[in-house]
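Undergrad: can you look at this prediction? I've put the sequence above it.
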Amino acid sequence: MKVVVIGGGFAGCQAAIQARKMKADVHIIERSDMLLGVGNVGGIMRNNGRFTAAEELINVGAGEIIDIMDALALHTNVDFSGHKHASLTDIGKAEPIIRRYIESLGINIHFKARAVNVLLEDNSIKSIKLADGTFIHGDVFVETTGSTGSMSNCNKYGNGCSMCILRCPTFGSRESLSLKAGIKDIIGERSNGTPGAMSGSCEMPRESLSDELLEELCIKGVATLPIPKEDINLDKLSQKVCQQYALKEFAENVILLDTGHIKLMTSYYPIEKLRKIKGLENARYIDPLSGGTSNSIRYLASSPRDNTMKVLGLNNMFCAGEKSGFFVGHTEAIATGALAGYNAVKLILGEDLLTLPRETSIGDIIAYANETLEIENGKSIRHTFSGGEYFDRMKELNLYTIDKEEIKARVKSLSLIGIFNPR
């Protein structure tokens, strides 16, 4: 059984881990020289409903990456505007640790391998063509290429290439392989109808902050600094991918989080204005490098799929992460990746595919993301356990809880304990 995962972000890594646990020969095709993709500048875990989803993943047997991220937490049980009990992870350490874990399982990682096309026969993908002209053959394919890039999209729908962690000028642009196979992409929108949405945060080096501000962050994990009234810009909130952070407090304050580097919770902020704020007189950006004027544009290429994560119209392709819908966050990527990897092997074995029940938050968000595409303005809705519309839904459905025993009992009542761990 050969499973080929295209894209090595959090979704692709978890899909690969899951398929390998089920004894498949697994290959990750990654266009850059690092795993985790945009997740390399993340680091916020377990905030709001993500706590519930993380515990569900652990109980169904897909908690490998969750456990790694928990072990890397610099701060736990942190509250900041609109968010409770967050874990702030040292994200800079995550990639090499996850890479070594994946390699220890016998998963093959192909770096600097940009997938550009597919070889298709009777609605089944036979192989993936790489930019160097070689082909990777497989039985089933899982596309987790994300929805960010190319540079032309950031130029067209944003403020230009922001020189972000994806490094398109070096490694080339992302390609939608489902589109190459003839399946039309679903393009997200902003509230005004403009395609895509802008990434929601920037990274600054610790040494660019004042000693007093850095000490506060080391102790508390979070710092909230008022913005001068003349610099407040509420309009920027509607541009963000991360609508769970599109709160008034994030426009009226600079909110900083300690995730190894210092995370600035805004899409971009002019450097000359940022340096007016006490403690940030010497601030600079490390991701994106042009964080004073722009950020990357996302949600430009999701695939139509069913609730098993299978791409509609193709016999042997699954999808996960942002490729599978307008999901936001590591936990959401891990959850969809686990299900895609599981069902990829089930398909090869000729067994029934798994649809997670909606009595779980993971099963519900996967199904709900599909349903909202059919409603007015549905393509502008972002889906995340951590806030916005979906977190409100979690609370209404009584899916949200931080009681670990209650979550375990729920999973057990659905006969899902350890289902992702093959006997």
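TA: Right, received. Where do you want to start?

Undergrad: would you mark the buried spots in the longest helix along the chain?
TA: Identified as the longest helix of the chain according to DSSP state H is helix 330-349. Neighbour-count burial for helix 330-349 flags 330-348 (criterion: 16 or more other C-beta atoms under 10 Å). C-beta: built from backbone N, CA, C; applies to glycine.

Undergrad: swap in stretch 118-135?
TA: Across stretch 118-135, burial judged by 16+ other C-beta under 10 Å covers 118, 120, 125, 127, 128, 129, 130, 131.

Undergrad: report the mean per-residue pLDDT for that stretch.
TA: Averaging pLDDT along stretch 118-135 gives 97.

Undergrad: end-to-end on that stretch?
TA: Separation of the first and last residues of stretch 118-135 by C-alpha to C-alpha, to the nearest Å is 9 Å.

Undergrad: quick one: stretch 74-93 to chain centroid distance?
TA: Mean-position distance between stretch 74-93 and its chain equals 16 Å (C-alpha atoms, centre = their mean, to the nearest Å).

Undergrad: and the contacts of it?
TA: 39-48, 51, 69-70, 72-73, 220-222, 224, 244-245, 247, 249-250, 253, 255, 257-261, 386-387, 402 (C-beta atoms under 8 Å, 6 or more residues apart in numbering).

Undergrad: end-to-end on that stretch?
TA: 11 Å.

Undergrad: buried stuff in that stretch?
TA: Per 16+ other C-beta under 10 Å, stretch 74-93 contains these buried residues: 74, 75, 78, 80, 82, 83, 86, 87, 88, 89, 90, 91.

Undergrad: one more: stretch 188-207?
TA: So for stretch 188-207, counting by 16+ other C-beta under 10 Å, buried means 188-190, 194, 196-204.

Undergrad: grab the two from the residues you listed that are most spread out in space.
TA: Using C-beta to C-beta, these span at most 30.0 Å, a distance reached by 189 and 204.

Undergrad: excluding chain neighbours, what is closest to residue 418?
TA: Spatial nearest neighbour of residue 418, excluding adjacent residues (C-beta to C-beta, 6 or more residues apart in numbering): residue 61 at 4.3 Å.

Undergrad: now that neighbour: how far from residue 153?
TA: 37 Å (C-beta to C-beta, to the nearest Å).

Undergrad: more crowded one of the two?
TA: Each of residue 61 and residue 153 has its neighbours counted (other C-beta atoms under 10 Å); residue 153 has more, 22 against 19.

Undergrad: pull the helix or strand where the more buried one lies out as CSV, backbone CA atoms only.
TA: Taking DSSP states H and E as the definition, residue 153 sits inside helix 151-157. Provided in CSV are the C-alpha atoms of helix 151-157 (Å, rounded to 0.1, in the frame of the first residue of the first chain):
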residue,chain,number,x,y,z
MET,A,151,3.4,35.3,-5.5
SER,A,152,1.0,36.5,-8.2
ASN,A,153,-1.9,35.9,-5.9
CYS,A,154,-0.4,37.9,-3.1
ASN,A,155,0.3,40.6,-5.6
LYS,A,156,-3.2,40.5,-7.0
TYR,A,157,-5.2,40.1,-3.8
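
Undergrad: which strands and helices sit next to it?
TA: The contact analysis (3 or more C-beta pairs under 8 Å, 6 or more residues apart in numbering; DSSP states H and E) places helix 151-157 against strand 297-298.

Undergrad: of the buried residues of stretch 74-93, which belong to strands?
TA: Under the assignment DSSP state E, the buried residues of stretch 74-93 contribute 74, 75, 78, 80, 83, 86, 87, 88, 89 to strands.

Undergrad: tell me the bridge partners for the third one.
TA: Bridge pairing for residue 78 (DSSP bridges) gives the partners residue 86.

Undergrad: so which of the contacts of stretch 74-93 are in strands?
TA: Those of the contacts of stretch 74-93 lying in strands (DSSP E): 44, 45, 73, 222, 224, 253, 255, 257, 258, 259, 261.

Undergrad: burial measure for the third one, as a count.
TA: What it means is residue 73. Look at residue 73: counted by other C-beta under 10 Å, it has 19 neighbours.

Undergrad: same check on the second one?
TA: Other residues near residue 45 number 25, with proximity taken as other C-beta under 10 Å.

Undergrad: do I have it right that it meets residue 73?
TA: Yes - using C-beta atoms under 8 Å, residue 45 makes contact with residue 73 at a distance of 7.2 Å.

Undergrad: where does the stretch 101-250 of the chain dip in pLDDT?
TA: 232, 234-247 (pLDDT under 70).

Undergrad: centre of the chain versus the longest helix of the chain, how much separation?
TA: Relative to the centre of its chain, helix 330-349 is centred 14 Å away, using C-alpha atoms, centre = their mean.

Undergrad: returning to that earlier point: biggest separation within the ones in strands among the buried residues of stretch 74-93, which pair?
TA: Between any two of these, the greatest separation by C-beta to C-beta is 15.9 Å, found for 74 and 83.

Undergrad: for residue 10, give me its contacts.
TA: For residue 10, the contact set (C-beta under 8 Å, 6+ apart) comprises 36, 37, 39, 65, 321, 330, 333, 334, 337.

Undergrad: so which strand or helix has the fourth one?
TA: Secondary structure assignment for residue 65, by DSSP H and E: helix 64-71.

Undergrad: quick one: secondary structure of residue 399?
TA: Put simply, residue 399 is coil when judged by DSSP: H, G, I helix; E, B strand; the rest coil.

Undergrad: tell me the contacts of the residue lying closest to it once chain neighbours are set aside?
TA: In space, and not counting its chain neighbours, residue 399 is closest to residue 361: 4.5 Å by C-beta to C-beta, 6+ apart. Going by C-beta under 8 Å, 6+ apart, residue 361 touches 49, 52, 53, 56, 385, 394, 399, 400.

Undergrad: before we move on, the earlier item: buried subset of the contacts of stretch 74-93?
TA: When those are checked for burial by 16+ other C-beta under 10 Å, the buried set is 39-48, 51, 69-70, 72-73, 221-222, 224, 244-245, 247, 250, 253, 255, 257-261, 386-387.

Undergrad: what ranges does this protein have for its helices?
TA: Going by DSSP H, the chain shows helices at 10-21, 50-60, 64-71, 94-104, 151-157, 168-171, 177-180, 211-220, 248-252, 271-274, 330-349, 361-372, 388-396, 404-413.

Undergrad: of these, which is nearest residue 143?
TA: Comparison of the helices of the chain against residue 143 by C-beta to C-beta identifies helix 177-180 as nearest, at 5.3 Å.

Undergrad: if anything else comes up later, I'll come back, but that's it for now.
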